[in-house]
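K.L.:
Based on what follows, work out the 3D shape:
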Amino acid sequence: MGNPMVGWRRWMLLLVVGLSACSQQPWNDPYPASQAGKNILYLGFQERPKHLDPGRAYSANEYQVIAQIYEPPLEYQYLKRPYTLVPLAAASMPTRTYLDAEGHPLPTDAPVSSIAYTVYHIHIRPDMHYQPHPAFARGPDGKPLYLHLKPDQLAGIHTIGDFKHTGTREVTAADFVYEIKRLADPKVQSPIYGLMSEYIVGLKKLAQTLRKVRQSPGGQGYVDLDKYSLPGAEVTGRYSYKITIRGKYPQFRYWLAMPFFAPMPHEAVHFYSQPGLADRNISLDWYPVGSGPYMMTINNPNRQMVLVRNPDFHEERYPSVGEPGDAKAGLLADAGKRLPFIHKIIFSLEPESIPYWNKFLQGYYDVSGVTSDSFDQAIRIGSGGELALTGAMRRKHIKMETAVAPSIYYMGFNMLDPVVGGYGERARKLRQAISIALNYEDYISIFLNGQGVAAQGPIPPGIFGYQKGREGIDPYVYNWTSNGPQRKAIAVAKRLLAQAGYPDGRDAKTGAPLLLHLDTPGGGPDAKAQYDWLRKQFNKIDIQLDIRDTDYNRFQDKMQRGTEQLFMWGWNADYPDPENFLFLLYGPNGKVEHNGENAANYNNPRFNALFDRMKNMSNGPKRMAVVHKMLEIVWKDAPWVWGYYPKTISLYHNWYGNAKPNLMANNNLKYKRIDPALRARERDAWNRPIWWPLVLVGLFVVASMLPASYSYWRRTHRTAHSGNS
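P.N.:
Numbering: from 1, shown residues only. Predicted structure coming up:
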């Protein structure tokens, strides 16, 4: 029989040795020790990006990755507001030439009706090179190493990193033209082909040609697009090209800041078209090929995606100008320094928000949003509705940035409806009364935790045309006070309702109560509470509200046929221009008649005429004056209850630098900075192991063994004593 005293002594010895053998890295660190102290940015993702091909990608989670890899001609200046376009791959801002139907140049102030074509002349910077990639690898004879791969050569190839050799080459203007041609390739299935084919000259014809090619035998493989001309995109020099579009479309410049117009090397498309690679998920949708600051080295959607600095990235500097207050906030401390600052970016799969939040608090993620689960722990709302960090967050030196998104959520009136629609005083005053009654400040506080701003019109902050102060408020819904806009009293709304023919919420002629119908496409877990809130808002002015909750397809059908009365809707900006919001109220965009995005079917001839004038104007005082006239019209007509502009909240640790929200740009990671040493110290302080439970367990084990040990000692002692007798 063994000695139990020896057993517990061994157990305690193992415990001490185990504790002393622990590394300095926290026990709960999810990353390997080799990453400790490295200049790495840690982010998370909930589901893998479906497309990383710049011709196909169009979702936020896709752009979060590819915008760090591809470089279109333009980008949004990181610090300036309103959002401002500046050159990226372009050496300077594109110049425009207007042409008449015969191709003759026109003056810059030519009437829109005389402009048949607009030509954008683009010169790219001459120092750009693609990231190292096997598509560019060449042997001693100068021929591509991996262009005609045979099945036996693919043995052991599972990821792009399994190819031993890589190469690079210079970016030329032909690569930009090549990518524009890809928009017409039916195999690419670009989501912007439909829109661009209406503008880029010859794109629709090229698509027809490529469709026939793709349907021919062998047409599913590599198709050399250089063999097909495109009048709307032509190379004019090694570092210059031109894009020709129909008519005048000033908003086209915003598309030049999107990856759809980034350069694409034909070698990459040819490489990825080889049989057997797509079966291994080796394609443009998995492994992009760009000239930007980062390149993808690992794409494992079940675990992580990794971007590392592109060793062939050209020289680019941190901006030297920004908004007032940026210098004081430290956002110009890196002015003029070479980008990017961070060496590696690791996106780890985190399908649930709570584990991500907990790891953020432990310092294992550098940035976090705020969800309903974490809001109370992170944010407190002041008496004036302002958002601030809780004491727990401040003690961790966590910082917060908020920004109003270029989006709007609103309640719309169907202007074709006989009760709430129309342009007479009766219907107009009814809509104004409802607009006053729906207190969206209250809604934002109750349902959004203060993450929103009550809207004053269709144009959100940050977009040209938005005005602060007295000039920017809806005077039919708000009064201007020394404390800013204040919603008009319910008594005003009731007076307007009576003037509309519904005193105390009853039809003055029939005495019947006014019953209105709101159609919604189904709601989430908060739907019932929101519906109750809406009914109370209407009850304040004695209107009964019937909410018809239907599935999304049925709701869409009602909207298309115009059988709804009231509806809830929203819009996110495609680009930061007032045209992208005001067109939602443009008559020729009516949903019922024209299948457009004007869901309210609003059609005011004065507004339409001003829109036609405004959409082609350059930003400046004259355009601002036209926009204000348009706002005055819709303020009075009230086709929407303006609703709210959503607000985003970002939290980040104090080792994460140059944090400023830019909700139009996606290529912001090159500007960020990490202090790895500070992060390591904070992680160590927050994740020190707690020893006392182990000590208590050890003492408990020792205590539990003492009686047995004592009994064993007595028994052996008695036996020994007896043997000596």
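
K.L.:
Which positions in the longest strand that the chain contains come out as buried?
P.N.:
Under DSSP state E, the strand in the chain containing the largest number of residues is strand 640-652. For strand 640-652, a neighbour-count test (16 or more other CB atoms under 10 Å) marks Trp640, Val641, Trp642, Gly643, Tyr644, Tyr645, Pro646, Lys647, Ile649, Ser650, Leu651, Tyr652 as buried. C-beta: built from backbone N, CA, C; applies to glycine.

K.L.:
so how far is that strand from its chain's centroid?
P.N.:
The chain centre lies 14 Å from the centre of strand 640-652; the measure is CA atoms, centre = their mean, to the nearest Å.

K.L.:
that older thread, put together JSON lines for the buried residues of strand 640-652, with pLDDT on each row.
P.N.:
Output for the buried residues of strand 640-652, formatted as JSON lines (pLDDT from 0 to 100):
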{"residue": "Trp640", "pLDDT": "98"}
{"residue": "Val641", "pLDDT": "98"}
{"residue": "Trp642", "pLDDT": "97"}
{"residue": "Gly643", "pLDDT": "96"}
{"residue": "Tyr644", "pLDDT": "97"}
{"residue": "Tyr645", "pLDDT": "96"}
{"residue": "Pro646", "pLDDT": "94"}
{"residue": "Lys647", "pLDDT": "92"}
{"residue": "Ile649", "pLDDT": "92"}
{"residue": "Ser650", "pLDDT": "94"}
{"residue": "Leu651", "pLDDT": "97"}
{"residue": "Tyr652", "pLDDT": "97"}
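
K.L.:
now, which of those residues sits nearest Gly139?
P.N.:
Checking these against Gly139 by CB to CB gives Tyr652 as the nearest, at 46.9 Å.

K.L.:
my guess is Gln304 meets Ile345, correct?
P.N.:
No - with contact defined as CB atoms under 8 Å, Gln304 does not reach Ile345; the gap is 10.3 Å.

K.L.:
higher neighbour count, those two?
P.N.:
Ile345 (23 against 16; other CB atoms under 10 Å).

K.L.:
That one contacts Lys670, correct?
P.N.:
No - if you go by CB under 8 Å, Ile345 and Lys670 don't touch, sitting 10.0 Å apart.

K.L.:
Which residues are in contact with each of the two?
P.N.:
Shared contacts of Ile345 and Lys670, defined by CB atoms under 8 Å, 6 or more residues apart in numbering, are found at Gln68, Tyr294.

K.L.:
Now do stretch 132-148: distance from first to last residue.
P.N.:
19 Å (CA to CA, to the nearest Å).

K.L.:
Okay, now the unreliable bits of the stretch 101-250 of the chain?
P.N.:
The stretch 101-250 of the chain contains no residues with pLDDT under 70.

K.L.:
So which residues of it form helices?
P.N.:
In the stretch 101-250 of the chain, the segments counted as helices under DSSP state H, counting those that start in this stretch are 173-182, 193-197, 203-215.

K.L.:
In a markdown table: these, plus distance to Tyr222 and mean neighbour count.
P.N.:
Formatted as a markdown table, the helices of the stretch 101-250 of the chain follow (distance: least, CB to CB, whole Å; neighbours: other CB atoms under 10 Å):
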| stretch | distance to Tyr222 | mean neighbour count |
| --- | --- | --- |
| helix 173-182 | 12 | 23 |
| helix 193-197 | 20 | 17 |
| helix 203-215 | 11 | 16 |
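
K.L.:
quick one: which of these is nearest Asp542?
P.N.:
Ranking the helices of the stretch 101-250 of the chain by proximity to Asp542 (CB to CB) places helix 193-197 first, at 45.9 Å.

K.L.:
just checking, what packs against that closest one?
P.N.:
helix 203-215 (3 or more CB pairs under 8 Å, 6 or more residues apart in numbering; DSSP states H and E).

K.L.:
Just give me how far the helix it packs on sits from the chain centre.
P.N.:
32 Å.

K.L.:
residue ranges of the strands in the stretch 101-250 of the chain, please?
P.N.:
105-106, 117-123, 233-237, 240-246 (DSSP state E, counting those that start in this stretch).

K.L.:
So which of those is nearest Arg683?
P.N.:
Nearest of the strands of the stretch 101-250 of the chain to Arg683, taken as CB to CB: strand 117-123 at 46.0 Å.

K.L.:
Quick check: which helices or strands does the closest one pack against?
P.N.:
Where contact means 3+ CB pairs under 8 Å, 6+ apart, strand 117-123 is packed against strand 95-99, strand 240-246, helix 252-255.

K.L.:
Quick one: those as JSON lines, columns for distance to Ala625 and mean neighbour count too.
P.N.:
Output for those, formatted as JSON lines (distance: least, CB to CB, whole Å; neighbours: other CB under 10 Å):
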{"stretch": "strand 95-99", "distance to Ala625": "23", "mean neighbour count": "15"}
{"stretch": "strand 240-246", "distance to Ala625": "27", "mean neighbour count": "20"}
{"stretch": "helix 252-255", "distance to Ala625": "22", "mean neighbour count": "20"}
